[in-house]
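>>> show me the folded form of this:
(one chain, ligands or ions: 1)
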Amino acid sequence: MPKFNDIDEKLWRDYSDVETGSLWLIDKRDNSGVHVGDYHGNFVPQIPHQLFTRYTKKNDWILDPFMGSGTSLIEAQRMKRNAVGIELQQKVLEETMQRISLEENSESKIISICGDSGTVDIKSVMNSAGIKNFQFVIFHPPYWDIIKFSDNPQDLSNCTNLEDFKNSFGKIIDNTTRFLEKNRYCACVIGDKYSDSRVIPLGFYCMELFMEKNFLLKAVIVKNFGETKGKNNHQNLWRYRALKNDFYIFKHEYIFVFKKNF
Ligand SMILES: C[S@@+](CC[C@H](N)C(=O)[O-])C[C@H]1O[C@@H](n2cnc3c(N)ncnc32)[C@H](O)[C@@H]1O
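Numbering: from 1, shown residues only. Have a look, this model is predicted:
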């Protein structure tokens, strides 16, 4: 199998910090450097760090179609990978690129595109930057409408129903993974939601979406999450509600890893 990371298996004992199990219990967010962690709906830097360690090599190109505060771009830059991030909101993109530039390292190229990841012209950016294809795509879409990111109708958090969410996300998968190199990987970080008194297993719907598009499912990882900004300081209230009613409080999200073998 051709190499898709820089791990030297002969030194396998030295990689005790690299996850190999399907349960990731991360107790503290890495808030070092420009990872400020104040963007509502961001993920912890350890997620892209672990994935880039396992699935990318130095100088590879990584694509993040939901760049937000740029957590994966910052990690890519620190790990001497190159990255392209796409973000719908111009203001978010500008603030993110400004922060990333504070940690600039001359070995990495970090590029941003403002637009809808489902329709934006990625090829022309690739052409002008001399990018042949991407070696990893990391998806961290809105968990449908749990957090409303903007008023833009193209924003996945404004999808009107589940079918609309799946169709719109499907277009984003198509528009981005066509530039993913054959035999390389992509990952989707997503949680479930609760509405109308039942669980909507968004994670599994998204997993199916990739499988319907012929991606090979390589991993289903469950990652804990602690206090979300939305539930901040309301633990007791949520515990009371759960005990009184018939639901469990979400404490996990999924990381699905897929291989593109076509
Ligand atoms: C869950 S957040 C990603 C957060 C990011 N991983 C971080 O750590 O900051 C999703 C982001 O996708 C953006 N977004 C939503 N729909 C989009 C679309 N159609 N195209 C591009 N970006 C979109 C939102 O504005 C939001 O910033």
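>>> tell me the buried residues in stretch 55-65?
Buried positions in stretch 55-65, judged by neighbour count with 16 or more other C-beta atoms under 10 Å: Tyr55, Thr56, Lys57, Asp60, Trp61, Ile62, Leu63, Asp64, Pro65. (C-beta placed from N, C-alpha, C; glycine too.)
>>> next one: stretch 176-193
Buried residues in stretch 176-193, counted by 16+ other C-beta under 10 Å: 176-177, 179-180, 184-193.
>>> just the closest residue of this structure to the ligand, please.
Residue of the chain nearest the ligand, by C-beta to the nearest ligand atom: Gly68 (2.8 Å).
>>> let's have the buried residues of stretch 176-193 in a markdown table, adding pLDDT, distance to Thr96 and secondary structure.
Supplementary listing: these in a markdown table, determined by pLDDT from 0 to 100; distance: C-beta to C-beta, whole Å; DSSP: H, G, I helix; E, B strand; the rest coil:
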| residue | pLDDT | distance to Thr96 | secondary structure |
| --- | --- | --- | --- |
| Thr176 | 98 | 18 | helix |
| Thr177 | 98 | 23 | helix |
| Phe179 | 98 | 21 | coil |
| Leu180 | 98 | 23 | strand |
| Arg184 | 98 | 25 | strand |
| Tyr185 | 98 | 24 | strand |
| Cys186 | 99 | 21 | strand |
| Ala187 | 99 | 20 | strand |
| Cys188 | 99 | 21 | strand |
| Val189 | 98 | 17 | strand |
| Ile190 | 98 | 21 | strand |
| Gly191 | 97 | 22 | coil |
| Asp192 | 98 | 27 | coil |
| Lys193 | 96 | 25 | strand |
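>>> would a markdown table of those with distance to the ligand be doable?
Formatted as a markdown table, these follow (distance: C-beta to the nearest ligand atom, whole Å):
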| residue | distance to the ligand |
| --- | --- |
| Thr176 | 10 |
| Thr177 | 14 |
| Phe179 | 16 |
| Leu180 | 17 |
| Arg184 | 20 |
| Tyr185 | 17 |
| Cys186 | 14 |
| Ala187 | 12 |
| Cys188 | 11 |
| Val189 | 7 |
| Ile190 | 9 |
| Gly191 | 10 |
| Asp192 | 14 |
| Lys193 | 13 |
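>>> stretch 144-156 spans what distance, first to last residue?
One end of stretch 144-156 to the other measures 6 Å (C-alpha to C-alpha, to the nearest Å).
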